[in-house]
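Chemist: whatever this is, show me its structure:
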Amino acid sequence: MEQKIRVRFAPSPTGPLHMGGVRTALFNYLFAKKNNGDFLLRIEDTDQHRYVPGAEEYIIESLKWCGLSPDEGVGIGGPYGPYRQSERKQLYFKYAEQLIKSGNAYYAFDTPEELTQLRTKAESEKKNFSYDTHTRKELKNSLTLSEKTVNEKIKNGEPWIIRFKMPENETVTEDDLIRGTVKFNTAQLDDKVLYKADGMPTYHLANVVDDHLMKITHVIRGEEWLSSMPLHILLYRALGWEENKPRFAHLPLILKPVGKGKLSKRDGDKMGFPVFPIEWNNPETKENFRGYREDGYYPEAFINMLSLLGWNAGDDQELFSLKELIEKFSLEHVGKSGARFNPEKAKWFNHQYLQKRDEKELTENLHEQLNQKNIPSGNLDRLARIVSLIKDRCTFASELWDNAFYFFEAPKEYEAKAVKKRWKKDTPYKIREITDFLRGVENWNAESMKEVFSNFITEKEWSFGQIMVPLRLSLVGSSQGVDMFLILELLGKEETIKRLETAVEKIGKQQI
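Modeler: A predicted model of the protein is given here:
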């Protein structure tokens, strides 16, 4: 019987969930759903010193907003719980002890101060100190001390940690599902800490133990964890789990928009875009970071944008629903190279999704914006028509008012540049003539007005170019806006005439 696909997203609650972390969750989710598998959420909180209050809740809320619902995990439960590593604390020591007994790990008694001195000495000699296959033979550990001394130190309560005993000169080879065959020589790797003095396992031990016990079949994670892969593979072997170890896939980095390096939270501050899914308020530092949700992005647009950072469907398609992403996703189409983030492209995606939005929802958005400004919204059918005319000019729902204001407020001022260029000496006369003409128009709809107005202009031997901008200026206050005759229709005859009369008076004063 074929083993069921099981993947996990395992963030640490040391701060907010970066958009790179969301992409990792997304790719795990898509892979699981494509293969009828399970998507787990595990919180890896073994590093208690870096724990940030509220971070776990933030992670859960972010995934919820993105529509990435775990099948089991923290807050959901499941047959392999608990899914919070701090609640699994009692599990890990027996595996660390098993590694010591099999000769794959050892106790180390070197104090932090002693190790700092060794690093400082190495730096003064322009070298790097590493606790590894070379230096461990000269340091205070159970490989150099007698069994009796080791037992006495432990019995006397002397602080210790457990380190993995890296093989001295072995090539570790693995077939990464994205990068192909990768090789590491253990002579260049250090002896990582597996179990800490505070009684908690490190990421490396807890990660491997939990993945095995939770029957994880594929580990899909960021490129920054690639260097940890040989240790994890050796841990599977040392614990006797090599035959059931998961397949690995290391995702490419998300690169900053300009320059070198991966996208960081500070890049968003510098360049004016969010790098977190939802707003984060750090309870310790009181720092505030913008979120895509609060900036007005739709979760579907955010997810669609993220999906194409490092993956493509093999064709030119750019817009995907979550269902389509599940159908088309494959690790074979994930690239090795870093994917450069483009904040303008993120806006483009949101614009596309706004156009797909139900106009009833957008009408409600505009209605709410008018209420906040204490402006009567009037007839809802009229409001819906306005939305249908302006939505293609909007990237965010918050911009509906910016593109619709002139339907509800008469101009308070007039665009100086357009006035100077287009408002000629004879313009007031022409606007008065147009005003008198419009008073006599009975069929006040855009289509009819366009025809009779065209005839009127032709009879006057005026050019449309000379008339349309001053007319728009009079009604809107600037040279922006939708089709002029639709503006006339939606403003209504009374308001149109009032604005034309006001413009002749005010623009004349503005020119003095």
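Chemist: could you pull out the strands for the chain?
Modeler: Under the criterion DSSP state E, strands of the chain are mapped to 6-9, 38-41, 72-73, 105-108, 161-164, 171-176, 180-185, 193-195, 218-222, 247-251, 254-255, 280-281, 288-289, 339-340.
Chemist: for Ile390, find the nearest of these.
Modeler: Between Ile390 and the strands of the chain, the tightest spacing by C-beta to C-beta is seen for strand 288-289, at 31.1 Å. For glycine as for every other residue, the C-beta is placed from the backbone atoms N, C-alpha and C.
Chemist: adjacent strands (with direction) for the closest one?
Modeler: Applying DSSP bridges, strand 288-289 is found paired with strand 280-281 (antiparallel).
Chemist: now the strand it pairs with: how far from the chain's centre is it?
Modeler: Centre-to-centre, strand 280-281 and its host chain are 14 Å apart (C-alpha atoms, centre = their mean, to the nearest Å).
Chemist: among the strands of the chain, which comes closest to Val52?
Modeler: Here strand 280-281 is closest among the strands of the chain (C-beta to C-beta), at 9.7 Å.
Chemist: which residues touch that closest one?
Modeler: Outside of strand 280-281, the residues within contact range by C-beta atoms under 8 Å, 6 or more residues apart in numbering are Gly15, Pro16, Tyr58, Glu287, Asn288, Phe289, Gly291.
Chemist: pLDDT on it, on average?
Modeler: Confidence over strand 280-281 (mean pLDDT, whole number) is 92.
Chemist: check contacts around Pro274.
Modeler: So Pro274 contacts Met19, Gly268, Phe289, Arg290, Gly291, Tyr292, Glu294, Asp295 (C-beta under 8 Å, 6+ apart).
Chemist: farthest-separated two in those?
Modeler: Met19 and Glu294 (14.0 Å).
Chemist: settle it for me: which of these two has more neighbours?
Modeler: Met19 (26 against 12; other C-beta atoms under 10 Å).
Chemist: could you measure that one against Gly157, distance?
Modeler: 45 Å (C-beta to C-beta, to the nearest Å).
Chemist: same question, Val7
Modeler: 41 Å.
Chemist: neighbour count winner among those two?
Modeler: Val7 (28 against 7).
Chemist: give the contact list for Arg393.
Modeler: Contacts of Arg393 by C-beta under 8 Å, 6+ apart are Glu399, Asn403.
Chemist: let me know the pLDDT of it.
Modeler: With respect to pLDDT, Arg393 has a value of 97.
Chemist: next one: His250
Modeler: pLDDT at His250 comes out at 98.
Chemist: what's the burial count for the nearest residue to it once chain neighbours are set aside?
Modeler: The shortest distance from His250 to any non-neighbouring residue, by C-beta to C-beta, 6 or more residues apart in numbering, is to Leu226 (4.6 Å). When neighbours are counted by other C-beta under 10 Å, Leu226 registers 18.
Chemist: mind checking how far Leu226 is from Pro470?
Modeler: For Leu226, the distance to Pro470 - C-beta to C-beta - is 64 Å.
Chemist: picking up where we left off before, isn't the residue nearest to His250 right up against Pro252?
Modeler: No - using C-beta atoms under 8 Å, Leu226 makes no contact with Pro252, being 10.5 Å away.
Chemist: show me how the protein divides into domains.
Modeler: 1-73+252-355, 90-195, 357-409, 410-512 (automatic domain parsing).
Chemist: for those, which one sits closest to Gly222?
Modeler: domain 1-73+252-355 (5.8 Å).
Chemist: Gly481: what's it in contact with?
Modeler: Contacts of Gly481 by C-beta under 8 Å, 6+ apart are Tyr406, Arg472, Leu475, Ile487.
Chemist: surely the second one meets Met484?
Modeler: It stands for Arg472. Yes - the pair Arg472 and Met484 qualifies as a contact (C-beta under 8 Å) at a distance of 6.0 Å.
Chemist: using CSV, write out every CA atom in the longest helix anywhere in the chain.
Modeler: If you go by DSSP state H, the chain has its longest helix at helix 493-511. The C-alpha trace of helix 493-511 is given here as CSV (Å, rounded to 0.1, in the frame of the first residue of the first chain):
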residue,chain,number,x,y,z
LYS,A,493,-29.6,68.0,-14.7
GLU,A,494,-29.9,70.2,-11.7
GLU,A,495,-26.5,69.4,-10.2
THR,A,496,-24.8,69.7,-13.6
ILE,A,497,-26.2,73.2,-14.3
LYS,A,498,-25.3,74.3,-10.8
ARG,A,499,-21.7,73.1,-11.2
LEU,A,500,-21.3,74.8,-14.6
GLU,A,501,-22.5,78.1,-13.3
THR,A,502,-20.2,77.9,-10.2
ALA,A,503,-17.2,77.0,-12.4
VAL,A,504,-17.6,80.1,-14.6
GLU,A,505,-17.7,82.3,-11.5
LYS,A,506,-14.9,80.6,-9.5
ILE,A,507,-12.4,79.9,-12.3
GLY,A,508,-12.7,83.5,-13.4
LYS,A,509,-11.6,84.6,-9.9
GLN,A,510,-8.9,81.9,-9.8
GLN,A,511,-7.4,83.4,-13.0
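Chemist: residues making contact with that helix?
Modeler: Residues contacting helix 493-511 (C-beta under 8 Å, 6+ apart): 410-411, 413-414, 416, 419, 423, 428, 431-432, 434-435, 438-439, 441, 444, 471, 473-475, 488, 491.
Chemist: what comes up buried for that helix?
Modeler: Thr496, Ile497, Arg499, Leu500, Ala503, Val504, Lys506, Ile507 (16 or more other C-beta atoms under 10 Å).
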